[in-house]
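[1] Okay, sequence plus prediction incoming.
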Amino acid sequence: MSNRYCLGGLGNDELLAATSALVKREQNLLADVLAHLAELDERRLYLELGFPSLFAYCTRSLGMCESSAGRRILAARVCRKYPAAFALAARGELNLSALCALSRHLNAENAAELTALCSRRSRRDIEALLAERFPRPDVRDSVRRIEALSADRFGVHFTADAEFLELFERARGLASHRLPAGDMAQVIKLGLKAFIREAEKERFAVGRKPRRKVEARAAEAHPPGECDSTLAIRHSGIVERAAGAHPPGGRGRHATPKRTRHIPAAVARAVYVRDDGQCSFVSNDGRRCGCTVFLELDHVQPWAAGGASDMANLRLRCHAHNQGAAREYFGARHIAYAIADRRTKSALLRRGRRSSAVFRISPVGPAERRTRRVSL
């Protein structure tokens, strides 16, 4: 049986010709891979498959290593923005290193010039050319590396500033009775646990004490043997009933409660516990996203479409799947307009901190007018 990887029988000319042909095929395939990744990124198909990002899809589904996935995704986005780069990559005029290096500098005016300048150059040459054309300020030394030492032990290396060292020494002193040896990993672990508790309490009300009246009523309605998540659900119902019993504007029998985006703390806590602190999106083939970063409370039926802010209509989603659901319901154009509008308002608010204007408010009497000063 012949082995395709045993090439000892090839002559020198055959070996050189075959290698050249394979490299050309690889370059063509690379351009095709970049085109497919760019289209996947544009359509966000990875969300439907249960992945929070294209990077997660490439590493966990396609089996790429992290560095390979990151470089190809960055190169694909450059080529999607400047489609002429696909052909340059297919011909081998721009390699992955060149595309990644150019990503932060390309624009509509200089794309043709820079791609021609970096054509068939080595990575070192390209970096030198770009550094000369786009000089940058000095950067601080920084090392980010996690090294596996055993099945459950890792070496973590990073650069710390003076403030970190001061905070660490203070924390080690405060923890000296609990950790006499002052082990750095144990001290940092205590700090991380404390931060997680505070962040969960702030974002999702986990561990936050409910109001006394609500707690008393919940205790009465909480039979022995129920789990904490069930108690949280009961808390949410009590809060909702209390809000509905005394709507803003009066206690009359015919008063209509005012809709609000506010999510009661007990409801947020119950949803967080129910979804196990992870994105709850599940793909058609049963894959759960499980992302634990950039988590948001998402309405199953959008609030703008009349959805309630109760536990039955809320779910925990990562930002990507939350945005994906919004695009699916409202349309990509509507969401793009909403994001642009939000960014414009944020920019105006930041700018308005340095200036203010006087606005007139509707008259309160025959000849009276009130004014107030507001930030733009």
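    Alright, I've got the coordinates. The structure displayed is predicted, hence computed values, not measured ones.

[2] can we go C-alpha only for contacts and neighbour counts from here?
    Will do.

[3] What are the buried residues along stretch 117-136?
    118, 119, 120, 121, 123, 126, 127, 129, 130 (16 or more other C-alpha atoms under 10 Å).

[4] which of those residues lies closest to residue 106?
    Lowest distance from residue 106 to the buried residues of stretch 117-136 (C-alpha to C-alpha) belongs to residue 130, with 10.8 Å.

[5] Tell me if the closest one really is in a strand.
    No. Using DSSP: H, G, I helix; E, B strand; the rest coil, the secondary structure at residue 130 is helix, not a strand.

[6] Format the buried residues of stretch 117-136 as TSV; extra columns: distance to residue 277 and pLDDT.
    Shown next, in TSV, are those (distance: C-alpha to C-alpha, whole Å; pLDDT from 0 to 100):
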residue	distance to residue 277	pLDDT
118	46	88
119	48	90
120	48	90
121	47	88
123	42	85
126	44	89
127	42	87
129	47	89
130	44	89
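
[7] Take the residues you listed and keep only those in helices.
    Among the buried residues of stretch 117-136, the members found in helices (DSSP state H) are 123, 126, 127, 129, 130.

[8] I'd like those residues laid out as a markdown table, including distance to residue 291.
    Formatted as a markdown table, these follow (distance: C-alpha to C-alpha, whole Å):
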| residue | distance to residue 291 |
| --- | --- |
| 123 | 35 |
| 126 | 37 |
| 127 | 35 |
| 129 | 40 |
| 130 | 37 |
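
[9] gap between stretch 336-356 and the chain center?
    Distance of stretch 336-356 from the chain centroid (C-alpha atoms, centre = their mean, to the nearest Å) equals 22 Å.

[10] now stretch 94-109
    In terms of C-alpha atoms, centre = their mean, the centre of stretch 94-109 is set 24 Å apart from its chain centre.

[11] pLDDT on that stretch, on average?
    Averaged over stretch 94-109, pLDDT sits at 90.

[12] Could I have the CA atoms of it written out in PDB?
    Presented in PDB, the C-alpha positions along stretch 94-109 are these (Å, rounded to 0.1, in the frame of the first residue of the first chain):
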ATOM      1  CA  LEU A  94      -1.200  39.200   0.700                       C
ATOM      2  CA  ASN A  95      -0.700  36.500   3.400                       C
ATOM      3  CA  LEU A  96      -2.500  36.200   6.800                       C
ATOM      4  CA  SER A  97       0.200  38.300   8.600                       C
ATOM      5  CA  ALA A  98      -0.200  41.100   6.100                       C
ATOM      6  CA  LEU A  99      -4.000  41.200   6.300                       C
ATOM      7  CA  CYS A 100      -3.900  41.200  10.100                       C
ATOM      8  CA  ALA A 101      -1.200  43.900  10.200                       C
ATOM      9  CA  LEU A 102      -3.200  46.100   7.700                       C
ATOM     10  CA  SER A 103      -6.500  45.700   9.600                       C
ATOM     11  CA  ARG A 104      -6.100  48.800  11.800                       C
ATOM     12  CA  HIS A 105      -4.800  51.100   9.100                       C
ATOM     13  CA  LEU A 106      -6.900  50.400   6.000                       C
ATOM     14  CA  ASN A 107      -9.600  52.800   4.900                       C
ATOM     15  CA  ALA A 108     -11.300  53.600   1.600                       C
ATOM     16  CA  GLU A 109      -8.700  56.200   0.600                       C
END
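
[13] Now do residue 19: how many residues are near it, please.
    12 (other C-alpha atoms under 10 Å).

[14] for the stretch 51-200 of the chain, what spans make up the helices?
    Assigned by DSSP state H, counting those that start in this stretch, the helices in the stretch 51-200 of the chain fall at 54-60, 66-81, 84-90, 96-102, 111-117, 123-133, 162-174, 184-204.

[15] and residue 284, which of those helices is closest to it?
    Among the helices of the stretch 51-200 of the chain, if distance is taken as C-alpha to C-alpha, the winner is helix 54-60, at 15.3 Å.

[16] Can you give me the buried ones in the closest one?
    The neighbour-count check on helix 54-60 (16+ other C-alpha under 10 Å) flags 54, 55, 56, 57, 58, 59 as buried.

[17] Which elements pack onto it?
    In this structure, helix 54-60 packs against helix 66-81, with contacts taken as 3 or more C-alpha pairs under 8 Å, 6 or more residues apart in numbering; DSSP states H and E.

[18] Tell me which residues are up against the strand or helix carrying residue 328.
    If you go by DSSP states H and E, residue 328 is part of helix 319-330. If you take C-alpha atoms under 8 Å, 6 or more residues apart in numbering as the criterion, helix 319-330 is touched by 44, 47, 52, 53, 281, 294, 295, 296, 298, 334, 335.
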